[in-house]
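Engineer: model the structure of this input:
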Amino acid sequence: MGIARERGYELYPLTFDYGQRHNREVEQAKQIAAYYQVERHQIVATSFLRDIGGSALTDETIPVSTDGVEDGIPATYVPARNLIFLSMATAYAEVVGASAIYIGVSAVDFSGYPDCRPVFIEAMEQAARLATRLGTEEGQLSIEAPLLHASKADTIRLGLALQVPYHLTTSCYQGESAACGVCDSCRLRIKGFREAGAVDPIEYAIPIDWPTQPSTK
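Structural biologist: Next up, the predicted model:
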């Protein structure tokens, strides 16, 4: 949202309540939308993803790994989540007359999800243009993934420069008041802040060795 705002877009944030393990990310999304003073924050129920299951984030019988980021697609991958979310965002874009859909996926320092790769974003943008009035009659619909080729450290640095409210954000898969610090998402977030020479403002359940001096890289 910080990048889109910086580029001059009017914001229409869309949050998906998809039956995830916890509701914390939805609640934090509300606070972030309020921070940016958006006129409308749309929250869409997509709990059918819990019915489909197949992910540690939507099926509590599948454990969330705390052993570190490994090769291959992890159990936290939600089948075709971004495909579904971007399809619904495309429909919303038609309704509000948006010219761009922003998504914060990264293909660097990520968990190996197939729907975070450049080839998927490119294919989805083409499909969105072919499937919509915005795309076929006005040719103005794009899918913007400005963090796609950025490392976590670069993402953190950019967010700090844009005064992104990191204290309102959440990444932990467990959803407790203090982030666990050991799930893949926490590990990647901590790595980003440390490599950026910054201290994450959210609370962690374990001690974190934060840098004492800003990085010069």
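Engineer: buried residues in stretch 16-36, which are they?
Structural biologist: F16, Y18, G19, Q20, R21, R24, E25, Q28, A29, I32, A33 (16 or more other C-beta atoms under 10 Å). All C-beta atoms are positioned from the backbone trio N, CA, C, and that covers glycine.
Engineer: just the strands in the chain please.
Structural biologist: 14-17, 42-45, 100-102, 142-144 (DSSP state E).
Engineer: relative to T66, which of the ones you listed is closest?
Structural biologist: Closest to T66 of the strands of the chain is strand 14-17 (C-beta to C-beta; 24.9 Å).
Engineer: just checking: what are the partner strands of the closest one?
Structural biologist: In the sheet, strand 14-17 lines up against strand 42-45 (parallel) (DSSP bridges).
Engineer: so what does the longest helix that the chain contains touch, helix or strand wise?
Structural biologist: In the chain, with assignment by DSSP state H, the single longest helix is helix 81-96. Applying 3 or more C-beta pairs under 8 Å, 6 or more residues apart in numbering; DSSP states H and E, one finds that helix 81-96 contacts strand 14-17, strand 100-102, helix 118-131.
Engineer: now the first one: average pLDDT?
Structural biologist: This means strand 14-17. In this model, strand 14-17 has a mean pLDDT of 96.
Engineer: just use 726 as the starting number from now, easier for me
Structural biologist: Shifting the count to begin at 726 puts that one at strand 739-742.
Engineer: what's the offset of that strand from the middle of its chain?
Structural biologist: Offset of strand 739-742 from its chain centre (C-alpha atoms, centre = their mean, to the nearest Å): 11 Å.
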